[in-house]
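Just need the structure, nothing else, for what follows:
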Amino acid sequence: MKKLDELAHLLANPVLPKASRLWSEADVVIASAPQPDDLRRSSNPKDREVLTEHALELTYFFEVLRDRFCEEAPIDHCSKIEFFGRLAAAADACLLEQPDATAHLVCAAVLREAYAMAKQMDEGEFDFLTAAEGNQIGDDPTRFGQRTGYSSIKETIGFFRVRDIQIHGTV
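Presented below is the predicted three-dimensional model:
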């Protein structure tokens, strides 16, 4: 969790770091615009696609989380689909709740989900599907009120505030 806390402190900065390229791994694609049909057919048509103007900032968080979790946690070829799928689902949920969400809010949503998964891993409760059709992840059928990670922008702001982190641009 200490490494997550270090990453969380970036949320207080006025400018977030950006990746040099967009994310396209573990059945998740992060982009600022939908892929053209000719490119979509050549890639996996079942990828989870997160579309946001903050794609490079979000990719940066995905890359740092990949490096930190693969270093400390048992992320393998099966569990990585669940892990990154849940991060993508959190970003999508944030953007659905507030389509004009700032980069800080979208990255906070993803980081909030990462905290939940880290806790589940520590407690031996991180579940994932060993085989999934249609890019489904084990967390997909979880009801809104039963989620342990990202649930709303308001909850996320409160989650980080308890950790003495004021997300830039929030009150």
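
Surely D5 and R163 touch.
Yes - under the criterion of C-beta atoms under 8 Å, D5 makes contact with R163 at 6.9 Å. (C-beta placed from N, C-alpha, C; glycine too.)

and A101, what are its phi and psi?
phi -60, psi 140 (degrees, to the nearest 10).

Near it, how many other residues are there?
21 (other C-beta atoms under 10 Å).

residue contacts, it?
T52, C94, L95, A109, I153 (C-beta atoms under 8 Å, 6 or more residues apart in numbering).

quick one: which of those residues has the most company?
A109 (30 neighbours).

what's the distance between that residue and S20?
Relative to S20, A109 is positioned 23 Å away (criterion: C-beta to C-beta, to the nearest Å).

give me the low-pLDDT residue ranges for this structure?
37-46, 73-74, 129-148 (pLDDT under 70).

how about the strands in this protein?
In the chain, the strands defined using DSSP state E lie at 24-25, 28-31, 48-51.

Could you spell out the sheet neighbours of the last one, each with its direction?
Looking back up the chat, that one is strand 48-51. strand 28-31 (parallel) (DSSP bridges).
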